[in-house]
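Undergrad: okay, predicted coordinates and the sequence, questions at the end:
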Amino acid sequence: MKKQIILLILLLICLSSYSQKRFVRKTTTPRTDAMIDTIVGKWIDPPNNLEKEMNKVQALEVAKRLNAINKISMDAYPAPTSAAVRWGGSLVKTSFANQVKYVITQNGKTEEEIEKYYPVSRLQYNLILYPYFCSNSSANEILNVFPDISGGNGITIYANELSILTGNILQEEGMAIDGQPIKYKMPTMGKWKGYDMMTPEGGANATSFSKRYILISRNGMLPYIPVTRKQYLDRAILYAVKFYDKLIAGCSLATDKTEKDKYIKINKDAKNNALKKYQDELEKTTNEGLLEAPAIVQFFCSPLLNNEEKIFVDEKEGSMVLIENADYMRGCLPNYVPQFFVVKWRWEQWKATADLAKLIEERFPFEKLQAMIDK
C-alpha cells in the first residue's frame, strides 16, 4: 500500500523525464531507415498540472484513475517501436443529456436553447506517439519530433462523454424526444470482441479511415437510446409539412401571378411526394412489425429525401439516430468516476502507429476498462 501511495504521489509531482529538447540518437555507422524500426522508444510521463486545476483530494482521485488506465496501456504496449510515447490526462467539466428547446432569433435563424442542464465531467486519457526520423544534417543522427509534432496518432480514452456522436439531425422544433435533441451516431463496421466497432463514416469509405472507436458501458445498459423508426417517421412527416408550407407561404407573396402559381405548384407537388414517401414507409414498417426497430438513415441526410433514396438502411451504410440516455448517469457518484468509456485509436502508414493499432486490436484488455466503470 505504501508503495502505491508513493507511486501516486510521483505521478502528481513528476515532470517530464526528458528535457523539452528533441531526442537525438547517435549512430556509429551512417543511419538508415531500417535502423529507425529497431529503436525502442521511451514512455514520457506528464507534468504536474492536476493540482492547478482542482483541489488536492480530487487531483489524487483523478490521478489514480489516469494512472490505472496508463498501466493498462503500458501492459499492452510496453516497448514503443520507432517512437517515443507521451501520455497524460485531464478532467473537464461538460454536460450530458441536456433538455433543449428551439427558438427563432431576430434574424430568423433557429437556435438551440438549453432548458435543463445536466453537468458531468469528462475524464480523458491520451497516449500520443512521437516518431523518430533520419536527420538531414548528419549521417550519424536519428532525431525525434518530440515535443514539436505528434500528428495526433495514438489512443484517446474518454470517460463520461459520447464522442461517438456526430451532431444533431436538425436544429428544428419537433426534432427532439422528451426535450432531447436527436443525434447521429457513428456508423458501425461490425462486431469486434463483443463491441460495436465504429468509424467516422460507413459504407464503402469505412475502411479508408484510420480511426476506430468502441463504446464500453455498463452491462445491459447504454448511455444512449435509439430512436425508433416510428418516432423518426412521425417527426419527419411533421417536418415535411412545416417545411413545404413555409415555402408555399413564401411563394404566395410574389407579385407575378404566373410565377407565383408555378412555384406554389412545384412546392405542393414536392410536399405531396415527400409525404407519400414517408406514409408509404410508415405503412410498410407497420406491416413488417418494425415500428420499434432502431431508425438507421443515410449519412447526414435531411429528413427531406429524394425519391430514389431509401429512408432506412443497414448500419454499415448509414447512421443510427438516437438521444442521450438521461437515466444512465448516476448523480450520486463523484464527477471523476468513469460511468462509460469511448476508446479511440488512430494510426498512419508509418511503422510505429501501425504497430500500435495492431497491438490494440490484438491484445488491449478492454475488459479492464469495463471493470473500472462506477469505481
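TA: In hand now; what should we look at? Residues are numbered from 1 along each chain as shown.
Undergrad: packing partners of the longest helix along the chain?
TA: When the chain is parsed with DSSP state H, its longest helix is helix 257-287. Judged by 3 or more C-beta pairs under 8 Å, 6 or more residues apart in numbering; DSSP states H and E, helix 257-287 is in contact with helix 229-251. To be clear about C-beta, it is placed using only N, CA and C from the backbone, and glycine gets the same treatment.
Undergrad: all strands of the stretch 1-150 of the chain, in order?
TA: With strands called from DSSP state E, counting those that start in this stretch, the stretch 1-150 of the chain shows them at 24-26, 43-44, 83-95, 99-104, 110-116, 119-134, 141-144.
Undergrad: that older thread, tell me which residues in the longest helix of the chain are buried?
TA: By 16 or more other C-beta atoms under 10 Å, the buried positions in helix 257-287 come out as 263, 264, 267, 270, 271, 273, 274, 277, 278, 281, 282, 285.
Undergrad: so can I have JSON lines of these showing distance to residue 85 and pLDDT?
TA: As requested, the buried residues of helix 257-287 are exported to JSON lines (distance: C-beta to C-beta, whole Å; pLDDT from 0 to 100):
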{"residue": "263", "distance to residue 85": "61", "pLDDT": "89"}
{"residue": "264", "distance to residue 85": "64", "pLDDT": "91"}
{"residue": "267", "distance to residue 85": "58", "pLDDT": "91"}
{"residue": "270", "distance to residue 85": "56", "pLDDT": "91"}
{"residue": "271", "distance to residue 85": "57", "pLDDT": "93"}
{"residue": "273", "distance to residue 85": "56", "pLDDT": "91"}
{"residue": "274", "distance to residue 85": "53", "pLDDT": "90"}
{"residue": "277", "distance to residue 85": "52", "pLDDT": "92"}
{"residue": "278", "distance to residue 85": "51", "pLDDT": "93"}
{"residue": "281", "distance to residue 85": "50", "pLDDT": "95"}
{"residue": "282", "distance to residue 85": "53", "pLDDT": "96"}
{"residue": "285", "distance to residue 85": "50", "pLDDT": "96"}
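Undergrad: redo these as JSON lines? Include distance to residue 369.
TA: Converted to JSON lines, the buried residues of helix 257-287 look like this (distance: C-beta to C-beta, whole Å):
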{"residue": "263", "distance to residue 369": "56"}
{"residue": "264", "distance to residue 369": "58"}
{"residue": "267", "distance to residue 369": "52"}
{"residue": "270", "distance to residue 369": "49"}
{"residue": "271", "distance to residue 369": "49"}
{"residue": "273", "distance to residue 369": "48"}
{"residue": "274", "distance to residue 369": "44"}
{"residue": "277", "distance to residue 369": "43"}
{"residue": "278", "distance to residue 369": "41"}
{"residue": "281", "distance to residue 369": "39"}
{"residue": "282", "distance to residue 369": "41"}
{"residue": "285", "distance to residue 369": "37"}
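Undergrad: relative to residue 100, which of those is nearest.
TA: Checking these against residue 100 with C-beta to C-beta, the nearest one is residue 278 at 24.4 Å.
Undergrad: find the nearest non-adjacent residue to that closest one, please.
TA: Nearest residue to residue 278, sequence neighbours excluded (C-beta to C-beta, 6 or more residues apart in numbering): residue 237, at 4.9 Å.
Undergrad: spit out the contact partners of the one you found.
TA: Listed by C-beta atoms under 8 Å, 6 or more residues apart in numbering, the contact partners of residue 237 are 275, 278, 279, 282.
Undergrad: ok, the third one to residue 250 distance?
TA: Distance, residue 279 to residue 250, by C-beta to C-beta, to the nearest Å: 25 Å.
Undergrad: next: residue 230.
TA: Using C-beta to C-beta, residue 230 is found at 31 Å from residue 250.
Undergrad: neighbour count: those two, which is higher?
TA: residue 230 (16 against 12; other C-beta atoms under 10 Å).
Undergrad: if I look at the more buried one, how far off is residue 291?
TA: 4 Å.
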